[in-house]
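Colleague: with the input below, show me the fold.
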Amino acid sequence: MELVVLGGSGGWPRAGQGCSGYLIEHDGYRLLVDPGHGVLGELLRHCDPAAVDAVLISHGHLDHCADLVPLLRARMLGANGSGTETVPLPVLAPDGALDGLLSLDPVRPDGLELISAGSGDKIIFGPLTVLAQELRHQVVTFGYRIISDDGRVLAYTADSGESSDRVDLARHAGLLVGGASYPDQVPAADARYLSDAVQIARLAIEADVDHCVLTDLLPFTDPFTALLRVRGAGFDAVEVARPGLRRTIAPRPDAVGLPRRAAQRVIAITNAEPRRASS
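Modeller: Below is the predicted model:
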């Protein structure tokens, strides 16, 4: 299982870098996570829009979902406007999170399959199993624990505040993609709902993860300072998200089981075969 970073700027794009966006590839399957502002252009460097097999959306803030709309347009109209896309695109998001976004664009393919999952649900996408866990944020937000069929685990916190659920989500992960808006000391008004780099370092240590990619830094936050804060807190295996960064997740036998509580229900996506569109 590999992670390809498509963006990572928090709130709005930096020069040359879109907002949150991550492509997870395993055994020919492509899972797109949080296509925020400016992500589609970078995605096109790696695959055709029709080659995306499913999409995970953590929450409805536009820096985590805005480019779902141009992705759907590209899939519906195709390279020459012929409308060649016929396979439904599964899109998992908190219930109602995308209603406003999708209402803004009249071009909406019939092939969009919205999946409404609850916190604790387990969703099976081909060779990948996804656990959705509600985390603290200003709106309903899911973190995701993504497990490959050969025992590799990636944990994604999105924008969220500290909680025991977040530690469970990241437990023994080979790779943690941790959202940190500030290098340290989140302003008091947002302290419950956002994190800083020091908090992500503590999360990585407590959850015993192998490696961390720091993401969602606000454009005025210096990435080098954020790295120093993480390493100063005692976690060295860290880097900042940047477009084109590619990392392979190593398997960990102690991480395959789902953390703490059993899933409330299991959702199996029927279109499990990966699309083989040209890259």
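Colleague: what residues does stretch 237-251 touch?
Modeller: Applying CB atoms under 8 Å, 6 or more residues apart in numbering, the contact partners of stretch 237-251 are 1-8, 16-18, 42, 45, 148, 150-154, 174-175, 177, 201, 204, 210-217, 223, 226-227, 230-231. C-beta: built from backbone N, CA, C; applies to glycine.
Colleague: 7 Å - rerun?
Modeller: 1-8, 17, 42, 150-154, 174-175, 210-215, 217, 223, 226-227, 230-231 (CB atoms under 7 Å, 6 or more residues apart in numbering).
Colleague: and if you look at stretch 175-195?
Modeller: Counting by CB under 7 Å, 6+ apart, residues outside stretch 175-195 touching it are 3, 10, 22, 136-138, 154-162, 170, 196-198, 200, 203-204, 209-218, 221, 225-226, 229, 247, 249.
Colleague: now, those residues that are in helices?
Modeller: Among those, the members found in helices (DSSP state H) are 170, 197-198, 200, 203-204, 225-226, 229.
Colleague: filter the residues you listed to the buried ones?
Modeller: Buried by 16 or more other CB atoms under 10 Å: 170, 197-198, 200, 203-204, 226, 229, out of the ones in helices among the contacts of stretch 175-195.
Colleague: what two of the ones in helices among the contacts of stretch 175-195 are the furthest from one another?
Modeller: 170 and 225 (23.1 Å; CB to CB).
Colleague: next, the buried residues of the helix or strand residue 75 falls within.
Modeller: Take DSSP states H and E as the rule and residue 75 turns out to sit in helix 68-77. Neighbour-count burial for helix 68-77 flags 68-72, 74-77 (criterion: 16+ other CB under 10 Å).
Colleague: cool, thanks, talk later.
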